[in-house]
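[1] My questions concern the predicted model and sequence given below.
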Amino acid sequence: MVAGGTYTALVTMRLSQPLTGSLNSLSRTITFFSRVGAGPYVFSSSAQAPNAAGEHQLRYTFTVPSDATEAFVRLYNGASVGNGDVWWDDFAIVEGAYTGGFFDGSNTPDSSLDVAWTGTANGSA
């Protein structure tokens, strides 16, 4: 990611059962952090995925501040140890305000695209 750029993060979140206990306010979100110099970290988050068993799609579009010196994305479980597990799959960060689905060399969200692995599947550059 570069300062001033807009990006979309998307991911599939899976829960085998609802999370329990006291949950962090960022639980089940994509959260974007940025920082300027030695200043404080500033963050913003996607909407929370439902706290229900199943597969949930999350998407979050954000812009890195033009003067940012750090920027990163975190995926939050939000439960303490023993209060539930979250699995994250099909994670991508795409430049721009991307509205399509996740794709790799095994699938495509658009039949007009020709996608393929370069090299070994799941190990492609």
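    Thanks, I have it. Numbering: from 1, shown residues only.

[2] Now stretch 22-38 - C-alpha only, CSV.
    Only the C-alpha atoms of stretch 22-38 are listed here, as CSV (Å, rounded to 0.1, in the frame of the first residue of the first chain):
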residue,chain,number,x,y,z
SER,A,22,-16.7,-10.6,26.5
LEU,A,23,-15.9,-9.7,22.9
ASN,A,24,-13.6,-7.0,21.7
SER,A,25,-15.4,-4.1,20.0
LEU,A,26,-13.4,-4.9,16.8
SER,A,27,-14.5,-8.6,16.9
ARG,A,28,-15.1,-10.1,13.4
THR,A,29,-13.9,-7.1,11.4
ILE,A,30,-11.3,-6.0,8.9
THR,A,31,-9.5,-3.1,10.5
PHE,A,32,-7.2,-0.6,8.8
PHE,A,33,-4.5,1.2,10.7
SER,A,34,-2.3,4.1,9.7
ARG,A,35,0.2,6.4,11.4
VAL,A,36,2.1,9.6,10.6
GLY,A,37,5.6,9.7,11.9
ALA,A,38,5.7,9.0,15.7
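
[3] From the chain's centroid, how far away is it?
    Relative to the centre of its chain, stretch 22-38 is centred 12 Å away, using CA atoms, centre = their mean, to the nearest Å.

[4] Enumerate the positions of that stretch that are buried.
    Leu23, Leu26, Ser27, Arg28, Thr29, Ile30, Thr31, Phe32, Phe33, Ser34, Arg35 (16 or more other CB atoms under 10 Å). Heads up, the C-betas are built off the backbone N, CA and C, glycines and all.

[5] SS state for the first one?
    When you say that, I think you mean Leu23. coil (DSSP: H, G, I helix; E, B strand; the rest coil).

[6] Now find how far off-centre stretch 87-95 is within its chain.
    5 Å.

[7] Considering the buried residues of stretch 22-38, which is situated nearest to Ala3?
    Proximity of the buried residues of stretch 22-38 to Ala3 (CB to CB) peaks at Ser34, which lies at 8.7 Å.

[8] so which two of the buried residues of stretch 22-38 are the farthest from each other?
    Leu23 and Arg35 (25.6 Å).

[9] Around Pro50, count how many other residues there are.
    Pro50 is flanked by 12 other residues according to other CB atoms under 10 Å.
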